[in-house]
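# pasting the sequence and the predicted coordinates here, then a few questions.
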Amino acid sequence: MQRRSKRIFNSIGRITGMAVLILLLGSIGSGMASQPPATDDEALGMKLAKQAVRADTHWTTTDHSKVKALDQNFTSGQQITQACLSCHTDASMQFEKTIHWTWKVESDTPGIMNGKAGHAINNFCISGNNMEDKGCLSCHVGWNGVEQGVNCLSCHGGTKYNYKEVFGDIQAFVGDDDPETLEIARELQTEVQSALDNITLPQRRHCGECHFKGGGGDGVKHGDLDTSLTKPNKKLDVHMAAEGADFTCVRCHTTVRHNIAGRLYTRPAAAERKSLIQDDMATKITCESCHGNLPHKTSSKMNDHLDRVACQSCHIPEYARVLPTKMSWDWRTAGDLKDGKAYHTDGKFGKPVYKSIKGSFVWDKNVKPEYFWYNGGFEHLSIKDDIDPAQVVEVSHPTGSLEDPNSRIHPFKRHQAHLPYDKINKRLVAPLLSGPDGFWTTFDMTDAIARGNKTLDVDFSGEFDYVQTTYAFPITHMVAPASNAVNCTECHIREQGRLASITGIYLPGRDKNPFIDTIGIIAVLGAFFGVALHGLGRFFTRNEKED
Amino acid sequence: MSQRQLTKIYMYTRFERLWHWLQALMIIVLLITGFEVHGTYTLLGFKTAVEVHNFVGLAWLILFAFFVFWLFTTGEWKQYIPTTRKLIDVLLYYAFGIFKGQAHPVQKSAGAKHNPLQRLAYLGISAALLPAQMITGLLYYLYNSIPGGIDLSILAVIHTLVAFLLVNFLIIHLYMTTTGHSLFSHISGMITGWEEVYDTTKIHDWETTATKKT
């Protein structure tokens, strides 16, 4: 009986031993299998996204070169728009209601309008002065600012063409009977005609004409938007790369009645994180819309980050990777003249570091973003908001917090500036810049502020000084190939990680409990020296052994 | 003291040895990768360290389940029953007697592999430290899937503290293996299963409850 039970235990021991071995070998095998050969190496998110864009070939039933309404001699831009409207009857009516036309939008506070033409202040040319600052209007989608109606070709023109100049010439030729002049006029007409042949959905260059050049030049404002995105390679932007998916802007910034998704005043552009399978009419396509909410390989720890870290945080390691972007703008130095004349100085990158009309700038390239909690909204200062000039004033800053479950850690470009403010009223001001009375002509800041504030019906005390300000832009374009994504140790590191400013969380590799670590190290050293002493004791007493 | 005769006895079964060395390997790998994840140094790279740590940690959990099963089916768990009997003697031996070449007050046998001090230490390790490490480790691993959420810093601090204690144990344990009749007799016992002990030693009745048949 005893022997039998012993044998049973023995065999149980053997069986369990074998089982552990098999299990271990098995799990080692499957651990290796999680990195299979490259052929089937695609993460779920990649598969989903490829599926989502598989049938992404645009087709149309209209060949604009055959449209009768467009086959006429145009002498002004407005005539072209009229021709468009003869078929697309409601287009301009729709468009004139959008922020792209009005540059104004209601804010959460009554009496304050957001938008360039509203009460919003920015860190660059400060304000659109209620459309009175004509310099800003070069970007407005109209034939001549706001006066002559919508210019459909700004966004739908097939060929980049300087209509303004051509119509100027054509109008100048009217009444001239000289055969040579008539010949030139005819040629110009043919050019206009062929430019109208390839009417299209908005391409990157259309949107880029304003959004790549916001703030007064290429790459000034955003950092993740500049003319390098007109024809990016895959290294710069995996989605927009011509040799890749070749996304246009409107591929993600979907439109409804000419309203383009993606506006970031106050309310999140996309309130919900959902896939196109859940809702194929989602207001804005986000990363998750195509890549799903488990985009990485099933075994990947990366998937565990998604609840608190935005995709962009890792997949856009740096912005301004091809062209430089403006990092700061100091208005305090504006107005310096040489021999009574405005001048400018160029720095490295071939970009101006000083301009009499604007002040001093700092440009940079390949910039690592700053990271903040972000729920998709922005806190935005207007000319009617009180400020504390003793502090750095956040003119525009993302909303969100660790406590808010909808907030994630997101990358930003944070632009620094010194802006003028009203010393008595303690509010930012809106100097008028362009035009004969603007600062760029008069170099008189007090007068420019008085005139600019007047356009917005805001009081100016007459006394101003400068205050340090910041303005944050979400970094969401220039998504790099996965192989260039941010490494673990750029955040999971003791000192100077990318997320050094994100506190209140425990970040493995960055955080430790100094007390526990100290005690632990003391204990380990204690044990080490303890056994060392004991061993030495044994060594020196070895001859006193009793045997 | 009279001349003592050495004799070899089969002390550790194949499973016990496999278990011991696998666990040793796993604990050492877990400590090395764990402290890298903790940010103490850079060795394999953070990502590799995390992946290895997770894989080995889960494998260890499975192995431990088998160990516990084995422990209870074989009755070997009785080897871990703590006792204060001769505990003081053992402590005094390591504090003084060992330097005078005295005999260990509690000799090893297949029925009683652990002296009272070992029993206490191993019980603490197997019943407190390792389970604490496994539970906090598993919760840490599953952190994102746990509804309601837990404070990661608390898990991390416990996990780190126990890791330090395990390093401590490892140092002392390694050192203690050299205290056999020769420097490597304990270690070779754990490798081959056969350990040399003095055959004159009397095994006391109270030590052999694990293998005592009724």
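Happy to help now that I have it. Bear in mind that the values here come from a model prediction, so they are computed numbers and not experimental data. Residues are numbered from 1 along each chain as shown, chains lettered A, B, ... in the order given.

# show me where pLDDT drops low in the chain?
Since no chain was named, I'll use chain A. Applying pLDDT under 70 to the predicted model, the residue ranges of chain A that meet it are A:1-40, A:55-56, A:263-284, A:543-547.

# please go with chain B instead
Applying pLDDT under 70 to chain B flags residues B:1-5, B:108-112, B:198-214.

# where do the strands of chain B begin and end?
Ranges of strands within chain B are B:6-10, B:194-198, based on DSSP state E.

# the closest residue to residue A:219 other than its chain neighbours: neighbouring residues, count only.
Taking CB to CB, 6 or more residues apart in numbering or on different chains, and ignoring the residues beside it in sequence, residue A:219 has residue A:226 as its nearest neighbour in space, at 3.3 Å. For every residue, glycine as well, the C-beta is placed using N, CA and C. By other CB atoms under 10 Å in any protein chain shown, 27 other residues sit near residue A:226.

# deepest-packed of the strands of chain B, please.
With neighbours defined as mean count of other CB atoms under 10 Å in any protein chain shown, those peak in mean count at strand B:194-198, which reaches a mean of 18.

# CA atoms only for it, dumped as PDB, please.
What follows is strand B:194-198, C-alpha atoms only, in PDB (Å, rounded to 0.1, in the frame of the first residue of the first chain):
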ATOM      1  CA  TRP B 194      22.200  13.700  -4.300                       C
ATOM      2  CA  GLU B 195      23.600  15.500  -1.300                       C
ATOM      3  CA  GLU B 196      26.300  14.500   1.000                       C
ATOM      4  CA  VAL B 197      25.400  14.500   4.600                       C
ATOM      5  CA  TYR B 198      27.000  13.100   7.800                       C
END
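
# parallel or antiparallel, list what pairs with that strand.
Strand partners for strand B:194-198, identified by DSSP bridges, are recorded as strand B:6-10 (antiparallel).

# what about the longest strand in chain A?
Among the elements of type strand in chain A, defined by DSSP E, the one spanning the most residues is strand A:408-422.

# and after it, which helix or strand comes next?
Tracing the chain C-terminally past strand A:408-422 and defining elements by DSSP states H and E, one meets strand A:427-428 next.

# buried set for the following helix or strand past that next one?
Going down the chain from strand A:427-428, the next helix or strand is helix A:439-442, by DSSP H and E. In terms of neighbour count (16 or more other CB atoms under 10 Å in any protein chain shown), helix A:439-442 has its buried residues at A:439-440, A:442.

# now what about helix A:439-442, what contacts it?
Contacts with helix A:439-442, where a contact means CB atoms under 8 Å, 6 or more residues apart in numbering or on different chains, come from A:135, A:334-335, A:342, A:357, A:431-435, A:445, A:447-448.

# how about stretch A:520-528?
If you take CB under 8 Å, 6+ apart as the criterion, stretch A:520-528 is touched by B:160-161, B:163-165, B:167-168, B:171-172.

# was I right to think residue A:380 contacts residue A:113?
No: the criterion here is CB atoms under 8 Å, and residue A:380 misses it with residue A:113 at 11.3 Å.

# which one's more surrounded, the two?
residue A:380 (23 against 19).

# which one of the strands of chain B lies closest to residue A:477?
Closest approach to residue A:477 among these (CB to CB): strand B:194-198, 68.6 Å.

# how far does the closest one sit from its chain's centre?
Taking CA atoms, centre = their mean, to the nearest Å, one finds the center of strand B:194-198 at 20 Å from the center of the full chain.

# cool, and stretch A:436-444?
Distance of stretch A:436-444 from the chain centroid (CA atoms, centre = their mean) equals 33 Å.

# just the endpoints, please. Distance across that stretch?
Across stretch A:436-444, the straight-line distance between its terminal residues is 12 Å, by CA to CA, to the nearest Å.

# what do you get for stretch B:7-23?
End to end - CA to CA - stretch B:7-23 spans 28 Å.

# report the buried residues of stretch B:15-28.
Within stretch B:15-28, the residues that count as buried by 16+ other CB under 10 Å are B:15-19, B:22-23, B:26-27.

# the residues you listed: which ones sit near chain A?
When those are filtered against chain A using CB under 8 Å from any CB of the partner chain, the residues retained are B:15, B:18-19, B:22.

# spell out which residues of the stretch 301-450 of chain A are next to chain B.
On the criterion CB under 8 Å from any CB, chain B has as its neighbours in the stretch 301-450 of chain A the residues A:301, A:304, A:307.

# ok, the first one - contacts?
Put plainly, it is residue A:301. So, once contact is read as CB under 8 Å, 6+ apart, residue A:301 ends up touching B:50-51, B:54.

# what do you get if the cut-off is 6 Å, keeping everything else the same?
Remark: with contacts taken as CB atoms under 6 Å, 6 or more residues apart in numbering or on different chains, residue A:301 is in contact with nothing.

# that one and residue A:491, how far apart?
Separation of residue A:301 from residue A:491 (CB to CB, to the nearest Å): 13 Å.

# go on, residue A:262?
From residue A:262 over to residue A:491 (counting by CB to CB), the distance is 27 Å.

# which of the two has more neighbours?
Neighbour comparison, residue A:262 and residue A:491: the larger count goes to residue A:491, with 23 against 16 (by other CB under 10 Å).
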